[in-house]
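[1] Next come a sequence and a model predicted from it.
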Amino acid sequence: DSGVTQTPKHLITATGQRVTLRCSPRSGDLSVYWYQQSLDQGLQFLIQYYNGEERAKGNILERFSAQQFPDLHSELNLSSLELGDSALYFCASSPLATGTEQFFGPGTRLTVL
Amino acid sequence: ELKVEQNPLFLSMQEGKNYTIYCNYSTTSDRLYWYRQDPGKSLESLFVLLSNGAVKQEGRLMASLDTKARLSTLHITAAVHDLSATYFCAVDDKLVFGAGTILRVKS
């Protein structure tokens, strides 16, 4: 158990809908990262927040957004969902902004029907 | 754009044998990470390599980093069934991942 929690574990929804994935980092970690894992794209970095501020952006679609709250938990919002958004979404956390290993949560499996 | 290549992508090993997984990356970086993923599970951090020449060992696994060659290796010694998993290398703080190496250890 990495200490990173994610909810929900599974999510099944329809195309065009909007969902919110939630992540609580390990105690004391200030950085939160979001990753998407799919069969065709592999593991891709989406976005990083550090102490409430956006720090780095990866291959995140405009339909997706994220934020980190004052208590350091983070939410990833996915809207206008398409079949291709079906994937495993991981959150990771680390103590610092750079140069430290990231600890991954259990993931949220999103299925878009 | 940073690209990370792993090979082989699939590795079937006999128990007790040794093998090496290679991770090449395209641009300069001194931050390389190895992760393990079991089917349907999350990623588990194995090694953090933060400087040229870094070598780390844990049990039957040893990882090394050559930043000049832009190459990291994950060496498996005397493989056992419990090592069966997918192994990923990732480069940079934004974790650009390789495609992963599926390792199957046969008895």
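    That came through, no problem. What you see is a predicted model, and the numbers here were worked out from it, not measured in a lab. Numbers count the residues shown, from 1 in each chain, chains lettered A, B, ... in the order given.

[2] Quickly note the distance from the spatially most central residue of chain A to residue A:53.
    Closest to where the C-alpha atoms of chain A average out (Cα atoms, centre = their mean) is residue A:34, at 3.2 Å. Counting by Cβ to Cβ, to the nearest Å, the gap from residue A:34 to residue A:53 is 15 Å. Bear in mind the C-beta positions are built from the backbone N, C-alpha and C, glycine included.

[3] same question, residue A:45
    According to Cβ to Cβ, residue A:45 and residue A:53 sit 17 Å apart.

[4] So what's the residue count around residue 38?
    Looking at chain A here, since you left the chain open. 15 (other Cβ atoms under 10 Å in any protein chain shown).

[5] ah, I was thinking of chain B
    11.

[6] dump the residue contacts of it.
    Contact analysis of residue B:38 by Cβ atoms under 8 Å, 6 or more residues apart in numbering or on different chains lists B:44, B:85-86.

[7] Show me what from chain A comes close to chain B.
    A:2, A:33, A:35, A:42-45, A:48, A:56, A:58, A:90, A:92, A:97-107 (Cβ under 8 Å from any Cβ of the partner chain).

[8] are any of those buried, and which?
    Buried residues within these, counting neighbours by 16 or more other Cβ atoms under 10 Å in any protein chain shown: A:2, A:33, A:35, A:43-45, A:48, A:56, A:58, A:90, A:92, A:97, A:100-107.

[9] Am I right that residue B:107 is in contact with residue B:81?
    Yes - between residue B:107 and residue B:81 there is a contact under Cβ atoms under 8 Å: 6.0 Å.

[10] okay, and the common contacts of the two?
    Residues touching both residue B:107 and residue B:81 by Cβ under 8 Å, 6+ apart: residue B:15.

[11] Settle it for me: which of these two has more neighbours?
    Using other Cβ under 10 Å, the more surrounded residue of residue B:107 and residue B:81 is residue B:81, with 11 against 7.

[12] mind pulling up the phi and psi values for the more buried one?
    Dihedral pair for residue B:81: phi -60, psi -40, per degrees, to the nearest 10.

[13] which residues in the chain form strands?
    Chain wasn't specified; assuming chain A. Ranges of strands in chain A, per DSSP state E, are A:5-7, A:10-13, A:19-24, A:31-38, A:42-50, A:53-57, A:64-68, A:74-78, A:87-94, A:103-104, A:108-112.

[14] You answered for a different chain; I wanted chain B.
    B:4-7, B:10-14, B:19-25, B:32-37, B:43-49, B:55-58, B:61-66, B:71-76, B:85-91, B:96-97, B:101-106.

[15] Skipping adjacent residues, who's closest to residue B:45 in space?
    residue A:101 (4.8 Å; Cβ to Cβ, 6 or more residues apart in numbering or on different chains).
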